[in-house]
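Asker: Prediction below, plus the sequence it came from.
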2 protein chains.
Amino acid sequence: MEQKSPSSKEQSKEKSKKKLLAAVGKILKTKGFSALKVNDIAAVAGLDKKLIYKYFGGTDQLLDTYLSTKDFWSNVKGDRIPKDIKDGGQEFSKELVSAQFDYMFRSKEYQKIILWRLSEQRKSLQRLTTTQEEVGEVILQHITDPHFGDNADLYRAVMAILVSGVYYLNLTTDVNGSIFCGLDLNEKSGRAKIEEALHFLIDQTYAISKD
Amino acid sequence: MEQKSPSSKEQSKEKSKKKLLAAVGKILKTKGFSALKVNDIAAVAGLDKKLIYKYFGGTDQLLDTYLSTKDFWSNVKGDRIPKDIKDGGQEFSKELVSAQFDYMFRSKEYQKIILWRLSEQRKSLQRLTTTQEEVGEVILQHITDPHFGDNADLYRAVMAILVSGVYYLNLTTDVNGSIFCGLDLNEKSGRAKIEEALHFLIDQTYAISKD
DNA sequence: TAATATGGTCACCATTTGGTGACTTTCCCA
DNA sequence: TGGGAAAGTCACCAAATGGTGACCATATTA
């Protein structure tokens, strides 16, 4: 396979594409998905909107391309799944949930994408869901289902609640005041309390398999 | 204070106002808050959009009026707070969370408002948050804080997670597939599992105060 | 019953937004 | 070096959307 060195035209084109994709990210982070209009994207990119149609076919395809470049599971899956799990995944579960809680708090982009996914039907967003379910299913079937046996569904339900809680808590801090049940979710102390509770709940769930 | 019987004109006006408010609800339920445009609201109400400006001052005020008529805490607060709580609110907590889980599942309108609140800054939505926090605070301070003592914050954090989880799970069933951690949240069986887990987690949390 | 006030309609305008044809500029290559 | 291909710009159009003045119809009232 020969590697043709790109001409300056091709370089320019790729550069423009990247500018447009970057503009999408910037707008998403700052104003949310509803502000992703052709004119605005082009303006932020400093290019003519015609290029969006030329290079991507339209706004929708640009957004799909943008989303497909994002992989928000790299912070969780793969290398972070340890080989030797002796505790039925207890510590791993805690790490996973904590990582989600922390990562989403820091990544406004991820927050906006999750909100987007709650608001709009879109194949590329759907795919994100599917991927996450698939990754989750591997962990569940290989590690926790065997450990919990008859209670496998209980553990699944607990994780569904905790992960959902992590999502919602991070979504709500941005818009509403950051107070939830009297805890300030923008303060370290408040977030530490949540994390403590997450670990506590997971420990309690694992406790039932040690009767 | 004399009660003037309303003239037929006044009746007509009130009727039109109600039609407009009803149109808001209908659109919100079916298409979400982003579809709440002047033209569409007027069309659904079967009236001229000019009336929105005449009677409410504009779309924003119409929406605020709409939201202020809604009280989504009537299904929880007040009459449902029992007088004689012997268990530190354990059963009451379970009822509360279950009621939320169930109510939100059935009320698409409530779902859309919660999603709206995550998406847009708006005083009337903010007020909803404040009200909920206030109601919650009463319960927390009078019932659970005393019961949990030093662990009061842990209980608060647990409830924050559970309630958030309930919110998110009900939001996600609508848009993404309804599968979460392998559980189908549109099926009775899946929802029963979640409810079981909610109760389990609350029981486990109360268990720490009985060492 | 005639004047007035008000609910309600319609036509119209300005702005925003998505989308495209025609043009210019620049690079590549025969 | 000249012609073609492709990057990039600009002007323009159409539809959607927010907003308003002028008008009509009818109930109330002097």
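Answerer: Yes, it's here.

Asker: Is there proximity between stretch A:193-202 and chain B?
Answerer: Yes: Stretch A:193-202 comes into contact with chain B (C-beta under 8 Å from any C-beta of the partner chain), by way of A:Lys193, A:Ile194, A:Glu196, A:Ala197, A:Leu198, A:Phe200, A:Leu201. To be clear about C-beta, it is placed using only N, CA and C from the backbone, and glycine gets the same treatment.

Asker: Residues touching that stretch, excluding its own?
Answerer: Applying C-beta atoms under 8 Å, 6 or more residues apart in numbering or on different chains, the external contacts of stretch A:193-202 come out as A:90, A:93-94, A:97-98, A:101, A:158, A:162, A:165-166, A:169, A:183, A:185, B:153-154, B:156-158, B:160-161, B:201, B:204-205.

Asker: so of those residues, which ones are in helices?
Answerer: When DSSP state H is applied, the contacts of stretch A:193-202 are split such that A:90, A:93-94, A:97-98, A:101, A:158, A:162, A:165-166, A:169, B:153-154, B:156-158, B:160-161, B:201, B:204-205 fall in helices.

Asker: Show me how the record splits chain A into domains.
Answerer: Here chain A is described, according to automatic domain parsing, as comprising the domains A:8-69, A:78-210.

Asker: So what would you say the end-to-end distance of the first one is?
Answerer: In domain A:8-69, first residue to last residue: 24 Å (C-alpha to C-alpha, to the nearest Å).

Asker: hmm, it touching chain B?
Answerer: Yes: with C-beta under 8 Å from any C-beta as the measure, domain A:8-69 is seen reaching chain B through A:Gly32, A:Ser34.

Asker: Would you state the strands of chain A in chain order?
Answerer: Counting by DSSP state E, chain A has these strands, from start to end: A:179-180, A:183-184.

Asker: check the ones in helices among the contacts of stretch A:193-202 against DNA strand C, which are close?
Answerer: Of the entries in the ones in helices among the contacts of stretch A:193-202, none also sits close to DNA strand C under the rule C-beta under 7 Å from any atom of the strand.

Asker: For A:Gln100, give its distance to A:Thr144.
Answerer: Taking C-beta to C-beta, to the nearest Å as the measure, A:Gln100 and A:Thr144 are separated by 16 Å.

Asker: A:Ser209 now?
Answerer: To A:Thr144, A:Ser209 is 10 Å away according to C-beta to C-beta.

Asker: These two: who's more crowded?
Answerer: A:Thr144 (25 against 16; other C-beta atoms under 10 Å in any protein chain shown).

Asker: Test my guess that the more buried one contacts A:Ser93.
Answerer: Yes: if you go by C-beta atoms under 8 Å, A:Thr144 and A:Ser93 touch, sitting 7.3 Å apart.

Asker: of all the residues in chain A, which ones are close to DNA strand C?
Answerer: A:Ser7, A:Ser8, A:Lys9, A:Lys37, A:Val38, A:Asn39, A:Asp40, A:Lys49, A:Lys50, A:Tyr53, A:Gly58, A:Thr59.

Asker: Mind doing that once more with 6 Å?
Answerer: Proximity of chain A to DNA strand C, by C-beta under 6 Å from any atom of the strand, involves residues A:Ser7, A:Ser8, A:Lys9, A:Lys37, A:Val38, A:Asn39, A:Lys49, A:Lys50, A:Tyr53, A:Gly58, A:Thr59.

Asker: For chain B, state which of those is nearest.
Answerer: Proximity to chain B was ranked across the residues of chain A next to DNA strand C by C-beta to the nearest C-beta; first place goes to A:Lys37, at 12.9 Å.

Asker: number of nearby residues for the closest residue to that closest one other than its chain neighbours?
Answerer: Excluding the flanking residues, the one nearest A:Lys37 by C-beta to C-beta, 6 or more residues apart in numbering or on different chains is A:Thr59, at 7.5 Å. Neighbouring residues of A:Thr59 were enumerated by other C-beta under 10 Å; the total is 18.

Asker: quick one: contacts for A:Thr59?
Answerer: For A:Thr59, the set of contacting residues under the criterion of C-beta under 8 Å, 6+ apart consists of A:Leu36, A:Lys37, A:Val38, A:Ile41, A:Ile52.

Asker: what about the first one, how many residues close to it?
Answerer: Close neighbours of A:Leu36, defined as other C-beta under 10 Å, add up to 18.

Asker: What's the per-residue pLDDT of the nearest residue to A:Glu137 once chain neighbours are set aside here?
Answerer: Counting by C-beta to C-beta, 6+ apart, the nearest residue to A:Glu137 once its immediate chain neighbours are dropped is B:Gly182, at 6.2 Å. With respect to pLDDT, B:Gly182 has a value of 96.

Asker: Distance check, A:Gly89 against DNA strand C.
Answerer: With distances taken as C-beta to the nearest atom of the strand, to the nearest Å, A:Gly89 is found 45 Å from DNA strand C.

Asker: Kindly state the pLDDT recorded for that residue?
Answerer: At A:Gly89 the predicted local confidence, pLDDT, stands at 95.

Asker: and what of A:Asp79?
Answerer: In this model, A:Asp79 is scored at 57, pLDDT.

Asker: Repeat that for the one 5 residues further on.
Answerer: pLDDT for A:Asp84: 80.

Asker: where does chain A have low pLDDT?
Answerer: Where chain A drops to pLDDT under 70, the residues are A:1-7, A:74-80, A:176, A:210-211.

Asker: Quick one: the helices in it, in order.
Answerer: Counting by DSSP H, chain A has helices at residues A:8-31, A:38-45, A:50-56, A:59-69, A:90-106, A:108-119, A:123-139, A:145-148, A:152-175, A:188-207.
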